[in-house]
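What shape does this take:
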Amino acid sequence: MKRLTLYLSLIFTALNFGPFGVNLCRADEGRTVTHSEINWSELAIKDVEAAYQLSVINHPGMHDVRNPGFAKQLEKAKQEGLKLAVKAHSSQGFAAAIARFRTVLQDGHAGAIDTLPSELKPQRSWPGFSTVWRGDALKVYYSELDTVAKGDKLVSCDNTAINTLLVERVFRYYGEVEQPGSWWNHGWRLTIDDGNPFLSPLESCTFEKADGSVYSLKLNWRIRPDDVSGKLKHAYNGDKLPIELNWPLKDIAWISMPTYAPNEQQQADYQTMLSAIEQQHDKLMQAKAVVLDLRHNQGGSSMWSEQIASALWGSEQFKYGRYELHKNTQVWWRASKGNTDYFGDVVASYDKASPWYQWLKTTHESMQAAYEKGEHFYVEIPAAEQPALPKNASKFTTPVYVIVPGQCASACLDALDSFKLFANTQLVGAPSSTDSTYMEVRLETLPSGFAKVILPIKVYVNRPREKGFYYQPDIQLNELEWTTQALVKMIAEL
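Residues are numbered from 1 along each chain as shown. Just a heads-up that it's a prediction; the model follows:
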């Protein structure tokens with residue numbers, strides 16, 4: 001099933017900031033509201049309670065017999081969020097309460113997100129160095145201190161092991177602690193201070209150098225200079241390539257797919273790349289390696305990876321493999337009024353000439369019918385038509401290396417499902433992220449105007465990739481540098 005929208009971090013760019021706006025002007029008084037005049041506790045309490053109620057009404061988990069503990073988990077999320085909300089006396093206290101509501105659910109497709117404008121966020125502080133998680137350690141990526149060098153490993157801070165600190169300080173507000181990919185995604189947060197009033201800055205840390213020697217440092221927190229951001233742009237995923245097929249070496253092909261939620265120009269780039277794959281297929285079959293680069297990819301529509309897989313391995317071979325994998329999967333659409341109305345808006349936004357239009361229209365009508373009958377779900381049964389068994393296995397046997405970042409989820413995970421249908425595929429990089437079975441996210445603005453609730457509107461039933469499953473890399477890349485130059489060198493050595 002194709003995904004229709006951009007989820008979570010991809011949606012964030014389209015968010016608005018609600019009734020206050022970035023200028024915080026009260027229309028009834030005709031004056032600007034200062035930060036100190038906002039009752040952040042009141043706003044946080046109302047938003048957490050509203051996020052809970054909207055989830056009760058709309059989230060598929062409330063009626064999912066395969067997940068009987070969801071209602072209790074949602075209640076716990078509300079209570080944990082409210083514990084912080086009553087003590088939230090700043091914008092960052094508000095943000096922490098919203099974040100806590102989200103992390104208790106441990107699902108990137110549920111919860112709530114703050115949409116605070118930059119004007120209401122304190123400047124980020126740091127101790128003069130930045131870190132990244134690699135494999136099983138937190139390492140220094142960039143430092144402006146003479147005593148701390150790139151590559152040094154943090155052993156402990158304030159007499160507490162780094163892993164324990166990450167669980168207590170980072171994963172309480174971000175990510176999913178049981179996911180290795182989340183450690184890669186969020187480990188860097190331990191050595192920054194975003195102003196969370198419920199966390200005191202660390203005071204001192206112990207480091208280990210490459211030669212095994214150990215040293216300690218008292219931390220001096222200060223505002224991080226603006227120019228540091230530019231020096232960290234490769235720390236997380238490495239450099240970001242355009243959507244294209246290129247040959248960094250004469251016998252290694254590089255297919256870069258930094259997003260599956262392309263804008264209009266990027267959609268054209270995908271078509272150009274697909275044409276290039278078709279035109280150069282004989283050359284690709286003779287190459288020493290083909291690299292499918294998913295760095296920076298945070299999902300979108302699975303359509304793009306399916307087209308790439310079909311172009312490389314053959315349309316018949318891919319369609320049959322995908323059918324065999326998903327033939328027992330069903331999609332259950334939660335037919336609440338809010339979800340049904342949202343889907344109607346989706347249909348209205350599509351051109352009737354779109355190849356997706358009829359399916360969208362049918363899905364909306366079926367949801368509407370289920371809602372009017374008082375049914376919790378419209379159950380979409382997959383088409384019974386089975387593609388013919390290909391007469392031949394795919395002739396594309398070139399070694400394929402898929403570069404996987406830790407945040408790979410949603411349609412990015414669908415891509416791994418597709419690419420791993422074929423035996424010549426190996427995953428390189430970090431453990432992937434995970435999906436629950438709840439998908440197709442929509443957002444609703446919460447009462448404050450400074451946060452939105454995240455509402456999935458469908459649940460997969462009998463999906464082969466169970467909730468919480470993540471892909472372990474065949475070749476784990478624990479090196480600090482994930483730049484294209486470093487990866488090309490590594491692939492060439494393989």
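
alpha carbons only for contacts and neighbour counts from here, please
OK.

How many residues are close by Ile454?
24 (other CA atoms under 10 Å).

hang on, I meant Pro117
Neighbour tally, Pro117, other CA under 10 Å: 13.

Now Lys319. Nearest residue, chain neighbours left out?
Pro387 (6.9 Å; CA to CA, 6 or more residues apart in numbering).

For the one you found, list the residues it contacts.
Neighbouring residues of Pro387 by CA atoms under 8 Å, 6 or more residues apart in numbering: Glu316, Lys319, Tyr320, Tyr323.

Next SSE downstream of the longest strand seen in the chain?
The longest strand of the chain (DSSP state E) is strand 451-461. Tracing the chain past strand 451-461, the next element assigned as helix or strand by DSSP states H and E is strand 475-476.

Contacts for that next one, please.
Here strand 475-476 has contacts from Gly135, Gln426, Leu427, Val428, Gly429, Ala430, Pro431, using CA under 8 Å, 6+ apart.

Strands - which of those land there?
Using DSSP E, those in strands are Gln426, Leu427, Val428, Gly429.

Can you name the residues bridging to the first one?
Legend: beta-bridge partners of Gln426 under DSSP bridges are Tyr401.

re earlier: quick check: the farthest pair among the contacts of strand 475-476?
Taking CA to CA as the measure, the contacts of strand 475-476 span a maximum distance of 17.9 Å, between Gly135 and Gln426.

Pull the distance from stretch 430-446 to the chain's centre.
7 Å (CA atoms, centre = their mean, to the nearest Å).

Could you work out the end-to-end span of it for me?
35 Å (CA to CA, to the nearest Å).

Average pLDDT for it, rounded please.
Mean pLDDT, computed over stretch 430-446, is 93.

Which of the helices or strands spans Gln266?
helix 264-279.

Flag every buried residue along stretch 126-142.
Across stretch 126-142, burial judged by 16 or more other CA atoms under 10 Å covers 126-135, 137-142.

Nearest to Ser394, out of these: which one, please.
Once CA to CA is applied, the member of the buried residues of stretch 126-142 that ends up nearest Ser394 is Gly135, at 34.1 Å.

per-residue confidence at that closest one?
The predicted local confidence for Gly135 is 89.

do Ala353 as well
88.

Kindly report the same for Ala112.
So Ala112 comes in at 98 (pLDDT).

in a helix, that's where it is, yeah?
No - going by DSSP: H, G, I helix; E, B strand; the rest coil, the assignment for Ala112 is strand, not a helix.

Is Asp248 in a helix, a strand, or coil?
Check again: residue 248 is Pro, not Asp. strand.

rewinding a little: helix or strand: which one has the residue nearest to Lys319?
Counting by DSSP H and E, Pro387 is found in no helix or strand.

separation between it and Val104?
Per CA to CA, Pro387 is found 42 Å from Val104.

same thing with Ala88?
18 Å.

which residues does Gln386 contact?
Tyr320, Tyr323 are the contacts of Gln386 under CA under 8 Å, 6+ apart.

Trp333 too?
Contacts of Trp333 by CA under 8 Å, 6+ apart are Pro60, Met367, Phe377, Tyr378, Val379, Glu380, Ile457, Lys458, Val459.

Now that we have those, which of them are buried?
Here, 16+ other CA under 10 Å leaves Pro60, Met367, Phe377, Tyr378, Val379, Ile457, Lys458, Val459 buried among the contacts of Trp333.

what helix or strand does the closest residue to Lys76 other than its chain neighbours sit in?
The shortest distance from Lys76 to any non-neighbouring residue, by CA to CA, 6+ apart, is to Val104 (7.3 Å). Secondary structure assignment for Val104, by DSSP H and E: helix 91-105.

Could you report the neighbour count for Lys87?
18.

where does it land in three-state SS?
coil.

Could you pull up the residues touching the residue nearest to it when sequence neighbours are not counted?
Spatial nearest neighbour of Lys87, chain neighbours left out: Ser41 (6.3 Å); criterion: CA to CA, 6+ apart. Ser41 sits next to Ala85, Val86, Lys87, Ala88, His89, Ser90, Phe94 when contact means CA under 8 Å, 6+ apart.

Kindly report the same for Ser55.
Ser55 makes contact with Gly111, Val453, Leu455 under the criterion CA under 8 Å, 6+ apart.

do that again at 7 Å, thanks
Contact analysis of Ser55 by CA atoms under 7 Å, 6 or more residues apart in numbering lists Leu455.

and the gap between it and Gln407?
Taken as CA to CA, the span from Ser55 to Gln407 is 24 Å.

I'd guessed Ile192 sits against Ser125; true?
Yes - between Ile192 and Ser125 there is a contact under CA atoms under 7 Å: 5.8 Å.

who's more crowded, these two?
A side-by-side neighbour count of Ile192 and Ser125, using other CA under 10 Å, places Ile192 first with 21 against 18.

how far away is the spatially closest residue to that one that is not a sequence neighbour from Pro201?
In space, and not counting its chain neighbours, Ile192 is closest to Trp126: 4.8 Å by CA to CA, 6+ apart. Using CA to CA, Trp126 is found at 10 Å from Pro201.

what residues are shared contacts of these two?
Joint contacts of Trp126 and Pro201 (CA under 7 Å, 6+ apart) are Asp193.

show me where the stretch 151-300 of the chain has strands.
153-157, 160-161, 204-208, 214-218, 222-223, 244-249, 252-256, 289-293 (DSSP state E, counting those that start in this stretch).

can you list those strands in TSV and add mean pLDDT and distance to Ala348?
Formatted as TSV, the strands of the stretch 151-300 of the chain follow (pLDDT from 0 to 100; distance: least, CA to CA, whole Å):
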stretch	mean pLDDT	distance to Ala348
strand 153-157	97	53
strand 160-161	98	53
strand 204-208	98	56
strand 214-218	98	59
strand 222-223	96	47
strand 244-249	97	32
strand 252-256	98	33
strand 289-293	98	35
